[in-house]
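S.K.: predicted model, plus sequence, below.
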Amino acid sequence: MDALFLNQLFNGASLASLYLLAALGLALSFGLMRVINMAHGEMLMLGGYLAWMTLLVVPGAIGIILAIPVAFIGAAAMGGLIQSTLIRRLSARPLDTLLATWGVSLILQQGARDLFGAVGVEVRAPEWLTGSFVAFGVTLPSARLFIIAIAALVLGALALVLLKTRIGLLVRAVNQDRMMASATGIDVRRVDLTVFCLGSGVAGLAGVMLALLGPVTPNVGQSYIIPAFLVVVMGGLGSIVGTTASRSSWGCSPRWRRFSSMSASRRCCCSSSSSFSSRCARKASSP
């Protein structure tokens, strides 16, 4: 029972790490710019396809390491293009931004179907990510451990950027009071572009991690966009700590409920069987 609980807890932590990478970008753009970017899920899709193409060119252990910066830069460039050509012109109209980015997501999905086909492509993980470790009777796949490590590194790097760098200071100033920050000489549009590119790049990283667990399809990002929005809202707009805590609870709660339901069903079966046995024993002993 302890091994089953630890296994479910580990799977929930790895799933939460993947969802955390998907939600961090929204926590930045939605928290700072109040922009509802419905094309954020397609940044995950783009990162997965970029990882697949990178491994075609550079196979092996180096390929997956090289795919991480390639996916980050490619998704950040796509996010910068969307922000500078579309979102910047509609930033004062949130509803129009929602509809426009929804149209962009459909265009990107159809473009992926035309380029890569409707069938998903698989990213073959290197040998050092195909094994597993056994600890406390629990099997820990190397790929899921790698996802947890990357999520922790990205979270730590993002915290350092926001707390220890000049761009982080500007982002916090714009987040607290956009009009006052603009009045003091801060280029708010450049800060918006930087944050949007950073959030899109982190989503591209999530696409690489997602490609290690399953095939990449043109509509794979749609499975993550709604939960990511809910996590950002529940954790607080622009709050990285709140997003992390919210995503952790979301990642572990389904598996905890599944574990609890399995335990409850086993207890119910055991109690029913024991009660049935006691009734049979009473009937056998009665004259």
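M.R.: Sure thing, it's come through.

S.K.: switch to C-alpha atoms for all contacts and neighbour counts from now on
M.R.: Fine.

S.K.: helix/strand/coil for G185?
M.R.: Of the three states, G185 takes coil under DSSP: H, G, I helix; E, B strand; the rest coil.

S.K.: what about it, distance to R166?
M.R.: 14 Å (CA to CA, to the nearest Å).

S.K.: quick one, which of the two is more surrounded?
M.R.: Higher neighbour count among G185 and R166: R166, with 11 against 8, using other CA atoms under 10 Å.

S.K.: the protein: helices as residue ranges?
M.R.: 2-33, 40-57, 61-82, 88-90, 94-116, 142-164, 166-176, 178-183, 188-211, 222-235, 240-285 (DSSP state H).

S.K.: of all those, which one is nearest T130?
M.R.: helix 142-164 (6.2 Å; CA to CA).

S.K.: and the contacts of the closest one?
M.R.: Helix 142-164 is contacted from outside by 11, 13-14, 17-18, 20-21, 128-133, 167-169, 171-172, 202, 209, 212-213, using CA atoms under 8 Å, 6 or more residues apart in numbering.

S.K.: next one: stretch 216-225
M.R.: With CA under 8 Å, 6+ apart, stretch 216-225 has contacts from 19, 22, 38, 40-45, 48-49, 109-110, 112-113, 118-122, 210.

S.K.: weed out the non-buried ones from those residues.
M.R.: 19, 22, 38, 40-45, 48-49, 109-110, 112-113, 120-122, 210 (16 or more other CA atoms under 10 Å).

S.K.: and stretch 180-190, how far apart are its ends?
M.R.: End-to-end for stretch 180-190, by CA to CA: 16 Å.

S.K.: report the rounded mean pLDDT for it.
M.R.: Stretch 180-190 shows a mean pLDDT of 89.

S.K.: in that stretch, which residues are buried?
M.R.: Judged by neighbour count using 16+ other CA under 10 Å, the buried positions of stretch 180-190 are A181, I186, V188.

S.K.: centre of the chain to it, how far?
M.R.: 31 Å (CA atoms, centre = their mean, to the nearest Å).

S.K.: stretch 131-145 now?
M.R.: 21 Å.

S.K.: adjust the sequence numbering to begin at 855 for everything that follows.
M.R.: In the new numbering, first residue 855, that becomes stretch 985-999.

S.K.: keeping just the C-alphas, turn it into CSV.
M.R.: Extracted in CSV, the C-alpha atoms of stretch 985-999 (Å, rounded to 0.1, in the frame of the first residue of the first chain):
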residue,chain,number,x,y,z
GLY,A,985,15.6,3.5,-17.9
SER,A,986,14.3,3.7,-14.4
PHE,A,987,15.4,3.7,-10.8
VAL,A,988,13.9,1.8,-7.9
ALA,A,989,13.7,3.6,-4.5
PHE,A,990,11.6,2.4,-1.5
GLY,A,991,9.9,-0.2,-3.7
VAL,A,992,8.8,2.5,-6.2
THR,A,993,9.9,2.5,-9.9
LEU,A,994,10.9,6.0,-10.9
PRO,A,995,11.2,6.4,-14.7
SER,A,996,14.2,8.5,-15.8
ALA,A,997,12.1,10.6,-18.2
ARG,A,998,9.7,11.7,-15.4
LEU,A,999,12.7,12.5,-13.1
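
S.K.: buried residues in that stretch?
M.R.: V992, L994, P995, S996, A997, R998, L999.

S.K.: could you do stretch 921-936 as well?
M.R.: 921-934, 936.

S.K.: for stretch 950-962, same thing?
M.R.: Buried, per 16+ other CA under 10 Å, within stretch 950-962: T951, L952, A954, T955, W956, V958, S959, L960, L962.

S.K.: how about low-confidence regions in the stretch 1005-1141 of the chain?
M.R.: 1085-1141 (pLDDT under 70).

S.K.: tell me the one among the buried residues of stretch 921-936 nearest to N861.
M.R.: Once CA to CA is applied, the member of the buried residues of stretch 921-936 that ends up nearest N861 is I922, at 27.3 Å.

S.K.: for L952, see how far away L944 is.
M.R.: 10 Å.

S.K.: scratch that, L858 is what I was asking about
M.R.: 42 Å.

S.K.: if I pick the closest residue in space to G902 that isn't next to it in sequence, what's in contact with it?
M.R.: Once flanking residues are discounted, G902 sits nearest to G1061: 4.4 Å by CA to CA, 6 or more residues apart in numbering. By CA under 8 Å, 6+ apart, the contact set of G1061 is M897, L898, M899, L900, G901, G902, A925.
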